[in-house]
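A.B. asks: next input, structure requested:
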Amino acid sequence: MKLYSRKLFISSLLLILMLLSTQTILANVSATPYGLQCEHLVNPIGIDAPEPRFSWMIADTRQDAQQTAYRIVLGTDSIALLNQKEVLWNSGKVSSSASLVVYKGEKLNAFTKYFWLVEVWDKDGKPAAAGKIASFETGMMKMSNWKGTWISDGNNINKLPAPYFRKVFEPAKRVKSARAYIAAGGLYELYLNGKKVGNHRLDPMYTRFDRRTLYVSYDVTANLQNGKNAVGVLLGNGWYNHQSLAVWDFDKAPWRARPAFCLDLRITYEDGSAEVVTSDGSWKTHSGPVIFNSIYTAEHYDARLEQPGWNTVDFDDSKWNGISLRAAPSKNIVSQAMHPIRNVEAIPAASVKKFNDTTYVFDLGRNIAGVTKIRVKGESGTVVRIKHGERLFPDGRLDLSNIDVYHRPADNKDPFQTDILILSGKGVEEFMPKFNYKGFQYVEVISSKPVEIDKGSITGYFMHSDVPVTGKISSSNPLIDKLWWATNNSYLSNLFGFPTDCPQREKNGWTGDGHFAVETGLYNFDGITVYEKWLADHRDEQQPNGVLPDIIPTGGWGYGTANGTDWTSTIAIIPWNIYQFYGDSKLLADCYDNIKSYVNYVEQISPAGLTSFGRGDWVPVKSSSPLEYTSSVYYYVDANILAKTARLFGKTADAEYYTALAEKIKKAINDKYLNTATAIYGSGLQTELSVALQWGIVPEELKAKVAENLAKRVAADGMHLDVGVLGAKAILNALSDNGQAETAYKLAAQDTYPSWGWWIVNGATTLYENWNIKAERDISLNHMMFGEIGGWFFKGLGGIKIDEEHPGFKNIILAPNFVSGLSHFEASHTGPYGTIRSSWKRKGKQVIYEVTVPSNSSATVRFPLTGNQSAWLKGNKVNAVHEIGAGKYVFEIK
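C.D. replies: Numbering: from 1, shown residues only. Predicted structure coming up:
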């Protein structure tokens, strides 16, 4: 017993010593890499990039925490990699603080899972704790790796019912892993053994189908079963076969055809061999309950035509038909490496009003983009119409007049935003459209016969590209917080694999709306994968002479006379913003020749430096600015971005040429439109003064005076807006960046017409298309073109700004404005190095300003001191411009 006790004592002592030793080691560990991403995604599959990008952050709570070196190792065996064995690429120790690194190893193989980890050295030059192993998996890598054939059901573009496809197969051996790669012209849902694969919606994303087609990759290992398996595919029209008629002529798109798909289901067996189950001539096809589907209008479903188990092994498909082989939509089929669309949020109905036994109106309580799911019980053959809209008539019925104006139906069989469900009569039935989305707050349900329905029968699903949240604000003014929330609602409602103008009336990728809102988007969401895809759409659409259409993608509409610099500057502005927010120059590099071609075209048609190639200050309150003036400002913006990009890439001749061009444009603008004696542009309208300040047109010595004149003009306009989309993008920044933050805040917080707040006090949960709520046209209630205010909150109040010389928030400019209308304000943004926090609150006559600077970055703090104010840190007075390293700080302004 004594011997046992002694052994137990010794064992316990050894365990304690081991634990203490471990704690000591952990205590000495100063930094850990985290947030590892490949191609700006977490452990992605289906990567086609030959030189993928790796990025990470550093967890190190010490003051002035920095990475002094890194090393990346990569292999195909995660366990071996931990032991530094079977390494396929070793970057070696690189003395650098960079945390975005491009792969430079041997050529990557297709269909291969690679593991990688990063080691870092801290500010003291000591190795940090190893982070978790991350992975990525390559996809096709090249077109010749596809094994499947493109198949369709052989019908023409006018066939209404959606085609269903199926095939049964049996793996030959024990399965180790399985991947499905599917490309489609149109939309698809993929099924294995009766269950939908994944939770994406509306795949693949919309592109110029005849120039670039996307495929999606899935890990389907868990979807397979022993013995026989069944694979099913349901195809929808999407933008590929646009059967609905509207002014945008998508029914005349050059790529239009009956939906088709190509599938490679690659199975890897435990013995290392592989087999590919493909789309080929052995598949069968049939129609089913989806009797009509339109991405633009709605979906019709006849539950009486359901074929239960159509995508399972034991289904009898003897009455199904053979398929039709066909060519691929394009010769450029590439991976969809981006955040997918999902049903992100379920929203139950807030209320329901019954008008009679067959008519009900549901209110979700907020405006969204997405679909509804209905649960209803009724007799077989009962037709249920589920109509979606944003407004109600005075009698409480649904009003579509603000959003159906561009629909041009040939008959009454394709009602706008109205799903049609024909009941089977088999108990409680559920329906949610698969190949459509809408913009709506209200849902009117009308049935041909009485049905069983109640408040719980309707659920709304907020759909959008499921981009991670990166920003947050809060303040002492509830109106500001509601405005920020509404702005984000509109941004997400208009993000469906590309930015759109509105989710109901058009669903178009209007270029102007996209770049007006890009900063708001990037402060609040991790949107780089969506923007990289959209700029590839730009490159696909650009004409050989450099011209771009107003809407991208397009079936042909938008190459007119107004598709000029104020709209199609997306080609320059968005890649530049991605570089500024992420420190990633790849998109700029990919678009460099396109930006150059675009600027060269404008120079060709406007050799004197001024251009009228543009659309103008769209939907102004009352005053219109000269088209030549605003178009020329954006021409300058493009030339200036091109010059800076050329310098970045070491293109000396281009840098010199386009710098001179930018200066020529600026001089031409100022010579014609600036009165240097009065510091007034044009006639002194809000937009005229704002855009010159926002975009760097104003001579340095006149900036303060021009900003003062702008503030006076706003005051003369009753502290209300008098701008359209170009002025709305510029005005708040123009004021707060140039000493007029108080006026900027008063505009932002204004709650009477015309203002952003006027929408909110009138019940808006999204941003509107028109300042005038009662306007007779241009009155979508979910539009993003006035959305710069959502980004301005971070810049103008929180002061979180980009340092152009150190992009990607490597060095952060912190320039808050302690406006008198707020007692506290807080903004946070998670950038490439971690979460930046800028928070201030009043304490008596003092302001307490709290700051968090992420590891491996730094900040320049610019205090907005007035009068005899000073800034203090830990009892020590600091300069009005103060440099700080990573860490947390509490400043006192007194």
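A.B. asks: middle-most residue in the chain, spatially?
C.D. replies: By C-alpha atoms, centre = their mean, the chain has its centre lying nearest to G527, at 4.0 Å.
A.B. asks: that residue reaches L495, doesn't it?
C.D. replies: Yes - shown here, G527 and L495 form a contact pair, counting by C-beta atoms under 8 Å, at 7.4 Å. For the C-beta atoms, the positions are set from N, CA and C on the backbone; glycine is no exception.
A.B. asks: identify the bridge partners of the residue lying closest to K801 once chain neighbours are set aside.
C.D. replies: Leaving aside its sequence neighbours, K801 sits nearest to I813 (C-beta to C-beta, 6 or more residues apart in numbering; 3.9 Å). In this structure, I813 bridges to K801, T860 when assessed by DSSP bridges.
A.B. asks: do a quick rundown of the strands in the stretch 301-450 of the chain.
C.D. replies: Taking DSSP state E, counting those that start in this stretch as the test, the strands found in the stretch 301-450 of the chain are 321-322, 324-325, 333-335, 341-348, 351-356, 359-376, 383-389, 391-392, 398-399, 418-422, 429-431, 438-447.
A.B. asks: of all the ones you listed, which gets the most neighbours per residue?
C.D. replies: strand 438-447 (a mean of 25; mean count of other C-beta atoms under 10 Å).
A.B. asks: check which helices and strands it sits against.
C.D. replies: strand 359-376, strand 383-389, strand 398-399, strand 458-465 (3 or more C-beta pairs under 8 Å, 6 or more residues apart in numbering; DSSP states H and E).
A.B. asks: please name whichever of these is nearest to I72.
C.D. replies: strand 458-465 (29.0 Å; C-beta to C-beta).
A.B. asks: pairing partners for the closest one, with directions?
C.D. replies: Partners of strand 458-465 in its sheet, by DSSP bridges: strand 341-348 (antiparallel), strand 359-376 (antiparallel).
A.B. asks: just send the ones you listed back as TSV, with distance to V861 and mean pLDDT too.
C.D. replies: Shown next, in TSV, are the strands paired with strand 458-465 (distance: least, C-beta to C-beta, whole Å; pLDDT from 0 to 100):
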stretch	distance to V861	mean pLDDT
strand 341-348	36	98
strand 359-376	38	98
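A.B. asks: export those as a markdown table, with columns for distance to K482.
C.D. replies: Shown next, in a markdown table, are the strands paired with strand 458-465 (distance: least, C-beta to C-beta, whole Å):
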| stretch | distance to K482 |
| --- | --- |
| strand 341-348 | 17 |
| strand 359-376 | 11 |
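A.B. asks: so which of these is nearest Y681?
C.D. replies: strand 359-376 (36.4 Å).
A.B. asks: angle of the closest one against strand 383-389?
C.D. replies: Using axes from the mean of the first three to the mean of the last three C-alpha atoms, to 10 degrees, the direction of strand 359-376 lies 110 degrees away from that of strand 383-389.
A.B. asks: picking that back up, turn the helices and strands packed on strand 438-447 into JSON lines, columns for distance to N600.
C.D. replies: Below are the helices and strands packed on strand 438-447 laid out as JSON lines (distance: least, C-beta to C-beta, whole Å):
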{"stretch": "strand 359-376", "distance to N600": "37"}
{"stretch": "strand 383-389", "distance to N600": "45"}
{"stretch": "strand 398-399", "distance to N600": "48"}
{"stretch": "strand 458-465", "distance to N600": "33"}
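A.B. asks: helix/strand/coil for W759?
C.D. replies: In three-state terms, and counting by DSSP: H, G, I helix; E, B strand; the rest coil, W759 is helix.
A.B. asks: how much space separates it from T500?
C.D. replies: Distance of W759 to T500, computed by C-beta to C-beta, to the nearest Å: 19 Å.
A.B. asks: okay, and the residue lying closest to Y592 once chain neighbours are set aside sits in which element?
C.D. replies: In space, and not counting its chain neighbours, Y592 is closest to T645: 6.1 Å by C-beta to C-beta, 6+ apart. Element membership for T645 (DSSP states H and E) is helix 627-648.
A.B. asks: and that helix, what other elements does it pack with?
C.D. replies: helix 565-568, helix 570-582, helix 586-605, helix 652-673, helix 686-694.
A.B. asks: pull out the buried residues from the third one.
C.D. replies: Applying a neighbour-count criterion of 16 or more other C-beta atoms under 10 Å, one finds 586-588, 591-592, 594-599, 601-603 buried in helix 586-605.
A.B. asks: chain center to that helix: distance?
C.D. replies: 23 Å (C-alpha atoms, centre = their mean, to the nearest Å).
A.B. asks: the nearest residue to H388 once chain neighbours are set aside pairs with what?
C.D. replies: In space, and not counting its chain neighbours, H388 is closest to F440: 3.6 Å by C-beta to C-beta, 6+ apart. Under the criterion DSSP bridges, F440 forms beta bridges with I368.
A.B. asks: circling back to that earlier point, for the helices and strands packed on helix 627-648, give me CSV that also has mean pLDDT.
C.D. replies: Output for those, formatted as CSV (pLDDT from 0 to 100):
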stretch, mean pLDDT
helix 565-568, 98
helix 570-582, 98
helix 586-605, 98
helix 652-673, 98
helix 686-694, 98
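A.B. asks: mind checking which of the ones you listed is nearest Q66?
C.D. replies: helix 570-582 (19.5 Å).
A.B. asks: with only the CA atoms kept, save that closest one in PDB.
C.D. replies: Provided in PDB are the C-alpha atoms of helix 570-582 (Å, rounded to 0.1, in the frame of the first residue of the first chain):
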ATOM      1  CA  THR A 570     -15.700  50.600 -62.100                       C
ATOM      2  CA  ILE A 571     -12.900  49.200 -64.300                       C
ATOM      3  CA  ALA A 572     -10.400  51.500 -62.400                       C
ATOM      4  CA  ILE A 573     -12.100  52.400 -59.100                       C
ATOM      5  CA  ILE A 574     -13.000  48.900 -57.900                       C
ATOM      6  CA  PRO A 575      -9.600  47.300 -58.500                       C
ATOM      7  CA  TRP A 576      -8.000  50.300 -56.800                       C
ATOM      8  CA  ASN A 577     -10.300  50.000 -53.800                       C
ATOM      9  CA  ILE A 578      -9.500  46.300 -53.500                       C
ATOM     10  CA  TYR A 579      -5.800  47.100 -53.500                       C
ATOM     11  CA  GLN A 580      -6.300  49.800 -50.800                       C
ATOM     12  CA  PHE A 581      -8.500  47.600 -48.500                       C
ATOM     13  CA  TYR A 582      -6.600  44.300 -48.900                       C
END
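A.B. asks: what helices and strands are in contact with it?
C.D. replies: With contacts defined as 3+ C-beta pairs under 8 Å, 6+ apart, the packing partners of helix 570-582 are helix 511-516, helix 518-524, helix 528-541, helix 586-605, helix 627-648.
A.B. asks: about what we covered before: quickly list what's touching both of G527 and L495.
C.D. replies: S465, V467, G521 (C-beta atoms under 8 Å, 6 or more residues apart in numbering).
A.B. asks: leaving out sequence neighbours, find the closest residue to T470.
C.D. replies: The shortest distance from T470 to any non-neighbouring residue, by C-beta to C-beta, 6+ apart, is to T830 (4.4 Å).
A.B. asks: and the one you found, how close does it get to L325?
C.D. replies: Computed as C-beta to C-beta, the T830 to L325 distance reads 48 Å.
A.B. asks: got it, and L747?
C.D. replies: 61 Å.
A.B. asks: ok, back up a step: in contact with the residue nearest to the centre of the chain, which residues?
C.D. replies: G527 neighbours (C-beta under 8 Å, 6+ apart): S465, V467, L495, G521.
A.B. asks: closest one of those residues to I368?
C.D. replies: L495 (12.4 Å).
A.B. asks: count of neighbours near the closest one?
C.D. replies: 26 (other C-beta atoms under 10 Å).
A.B. asks: next one: D77
C.D. replies: As a burial measure, D77 scores 14 neighbours (other C-beta under 10 Å).
A.B. asks: hmm, back to that, is the residue nearest to T470 in a helix, a strand, or coil?
C.D. replies: The three-state label for T830, taken from three-state DSSP, comes out as strand.
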